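Asks: generate a structure from the sequence data that follows.
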Amino acid sequence: MTQSIFGGFEAKSPNRSALVLLDFKRAYDRVWHAGLAAKLARLGTPACVIRWIMATLRDRRGRVRWETSISDSRLFPQGLAHGSVLALLLWNIYASDILPRAPPGVLRVGILCVCG
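Replies: Below is the predicted model:
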């Protein structure tokens, strides 16, 4: 993205650059697994890879431990695992069609979600 902006400044007829940042509340927590699988399939992802990814998302459970107490286990029926290697890539695939297509001559670099 930075290279695109600097390239625009250095062009013979200067290009305009705009940066749009969107903050999606609880973005990773709201990813619908069936929708993600459909988007992966539309991108031509092999079925075995989609099955493997969906297996990593299925039946995810978590619980909290505080000192000597442990909460009941909770099922997470949707969302991505925070901190996983694939979470950022899967979010970008899932959110790639949120924004409308850019008009001709406009370079859209992508959507980036950094959840902290």
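Asks: run a quick neighbour tally on residue 24.
Replies: By the criterion of other CB atoms under 10 Å, residue 24 has 14 neighbours. Every C-beta, even on glycine, is put in place using the N, C-alpha and C of the backbone.
Asks: please apply the same query to residue 57.
Replies: Close neighbours of residue 57, defined as other CB under 10 Å, add up to 20.
Asks: can you tell me the closest non-neighbouring residue to it?
Replies: residue 33 (5.4 Å; CB to CB, 6 or more residues apart in numbering).
Asks: state the distance from the one you found to residue 3.
Replies: In this structure, residue 33 and residue 3 are 34 Å apart, going by CB to CB, to the nearest Å.
Asks: so those two - more neighbours on which side?
Replies: Comparing residue 33 with residue 3 by other CB under 10 Å, the one with more neighbours is residue 33, at 17 against 8.
Asks: next one: the more buried one from residue 59, what distance?
Replies: Taking CB to CB, one finds residue 33 at 11 Å from residue 59.
Asks: what about residue 56, how many residues nearby?
Replies: Neighbours of residue 56 using other CB under 10 Å come to 13.
Asks: so which residues make contact with the helix or strand hosting it?
Replies: Secondary structure assignment for residue 56, by DSSP states H and E: helix 47-57. Identification of contacts with helix 47-57 by CB atoms under 8 Å, 6 or more residues apart in numbering yields 33, 36-37, 40-41, 80-81, 84, 86, 90.
Asks: packing partners of the helix or strand following that helix?
Replies: With elements assigned by DSSP H and E, the helix or strand that comes after helix 47-57 is strand 60-62. On a contact count with 3 or more CB pairs under 8 Å, 6 or more residues apart in numbering; DSSP states H and E, strand 60-62 meets strand 74-76.
Asks: partners of the strand it packs on in the sheet?
Replies: Strands flanking strand 74-76 in the sheet, each with its direction: strand 60-62 (antiparallel) (DSSP bridges).
Asks: now the partner strand: mean pLDDT?
Replies: The average pLDDT within strand 60-62 is 86.
Asks: for the remainder of this discussion, apply numbering that starts at 29.
Replies: Noted, 29 is the first residue going forward, which turns the last one into strand 88-90.
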